[in-house]
Every structure is written in structure tokens, then in C-alpha cells.
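S.K.: Next comes the sequence, and after it the predicted model I'd like to discuss.
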Amino acid sequence: MLTEKVQNALNDQFNAELYSSYLYLSMHAYFKSINLDGFANWMYQQAKEELLHAMKFYNFINQRGGRARTAAVAEPPSEWDSPLAVFEETLRHEQKVTGLINDLVEIANEAHDHATQIFLQWFVTEQIEEEESAGGVLEQLKLMQGHAGGLFMIDRELEKRTSPTGMTEME
Ligand code: FEO
């Protein structure tokens with residue numbers, strides 16, 4: 001059984017993951033609008049991955065006999081000055097999510113909720129990958145310094161990102 005505090009925190013994170021998905025969809029739409037289809041693909045796959053994260057929280061709350069809350073999801077930004085600005089925001093966002101996951105671990109620890117602690121370990125590890133992946137693209141963009149040839153090279157590379165496991169039905 002979940003304590004009320006743990007349930008609320010898990011529900012907040014369910015909402016935060018939905019927001020992440022919505023944010024990356026907005027970034028996908030931005031890249032489509034400037035014809036950078038590889039960057040758009042990266043964001044589309046990222047949006048699907050975030051939906052998968054959200055569903056993990058949703059299912060875990062239900063599994064533990066809790067009540068999942070389908071609260072409103074905030075509107076994400078929709079305009080950026082450049083691909084560099086998008087990836088700066090992506091890395092900042094993932095760093096913020098890492099902080100939220102760490103706070104959740106603390107709440108589960110205080111409640112001596114071992115099942116939630118174990119559930120959250122997957123997200124602790126996932127956040128290392130999330131920051132590394134966004135930070136990697138950001139570094140490449142910084143190196144290119146807005147050079148069009150470099151931008152198209154990265155775009156071709158990002159075209160290769162594939163669907164997260166278990167999400168092919170959302171293609
Ligand atoms: Fe769900 Fe990007 O962390």
C-alpha cells in the first residue's frame with residue numbers, strides 16, 4: 001500500500017513524464033517546420049520514450065493499490081531560436097527530471113517504501129542515459145557553431161534513432 005505522500009509524488013511524476021512527452025512533441029513539430037527531419041525523428045522517439053516512462057508510473061500506482069490522477073498537462077513552449085537552443089532546453093529539462101527522480105527516491109526512503117525504491121532505481125539509471133544522450137547532441141551542435149553543412153550531417157545521424165522497445169505499435 002502506498003502512503004498518501006508517496007502516491008502524490010508518484011502522480012506528480014506521472015504528470016511530469018507526460019509533460020516531457022508533450023514538450024518533445026512540440027520540439028518535433030518545430031524541427032518539422034524547419035525541415036530538419038533527422039532532428040524531428042530524434043524528438044519523436046524521445047516523446048514516445050517519455051510516454052513509456054509515464055505509463056510505468058501509471059501502472060505502478062495501480063499495481064500498488066493506489067489511484068492514478070489524470071491531471072491537466074501544462075502547455076510546453078513551441079518556438080525556439082535555433083536547434084542549439086532546443087537542445088540546451090532538452091538538457092536542462094532532463095537535469096530537472098533527474099532532480100525530480102532523486103526527490104522521489106528521498107520520499108520513498110522516508111516512507112520505508114522498499115517496493116517504490118526498487119521501482120525508482122530503473123529511472124535513476126535511465127536519467128544517466130537521458131542526460132548523456134541530450135548532452136551528446138548539444139556538444140555536437142556547439143562544435144558546428146551553426147555551420148549548415150555540420151547541421152545537415154547531424155540531421156542525417158539523428159535520422160537513425162529508432163523506436164524504444166515496446167513502442168513500435170505507436171509508429
Ligand atoms: Fe522521462 Fe526524459 O525522462
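M.R.: Cool, the structure landed.

S.K.: Give me the three-state assignment for His112.
M.R.: When classified by DSSP: H, G, I helix; E, B strand; the rest coil, His112 comes out as coil.

S.K.: swap in Thr70?
M.R.: Classified using three-state DSSP, Thr70 is coil.

S.K.: host element of whatever residue of the chain ends up closest to the ligand?
M.R.: Residue nearest to the ligand within the chain: His53 (3.7 Å; Cβ to the nearest ligand atom). In short, each C-beta sits where N, CA and C put it, glycine included. Element membership of His53 [criterion: DSSP states H and E] is helix 37-63.

S.K.: May I ask which helix or strand encompasses the closest residue to Ala74 other than its chain neighbours?
M.R.: Counting by Cβ to Cβ, 6 or more residues apart in numbering, Ala74 lies nearest to Tyr19, which is 5.7 Å off, once chain neighbours are set aside. Using DSSP H and E, Tyr19 maps to helix 4-33.

S.K.: interface residues of the protein facing the ligand?
M.R.: Residues of the chain lying near the ligand by Cβ under 6 Å from any ligand atom: Glu17, Ser20, Glu50, His53, Glu94, Val97, Glu130.

S.K.: same thing but 8 Å
M.R.: Those residues of the chain that sit near the ligand, judged by Cβ under 8 Å from any ligand atom, are 16-17, 20, 46, 49-50, 53-54, 93-94, 97, 101, 123, 126-127, 130.

S.K.: Can you name the residues that contact Phe31?
M.R.: Asp37, Phe39, Ala40, Met43, Pro83, Val86 (Cβ atoms under 8 Å, 6 or more residues apart in numbering).

S.K.: The residue lying closest to Ser21 once chain neighbours are set aside and Glu75: what is the separation?
M.R.: Closest residue in space to Ser21, ignoring its immediate chain neighbours: Glu50 at 3.7 Å, by Cβ to Cβ, 6+ apart. With distances taken as Cβ to Cβ, to the nearest Å, Glu50 is found 16 Å from Glu75.

S.K.: Much appreciated, bye for now.
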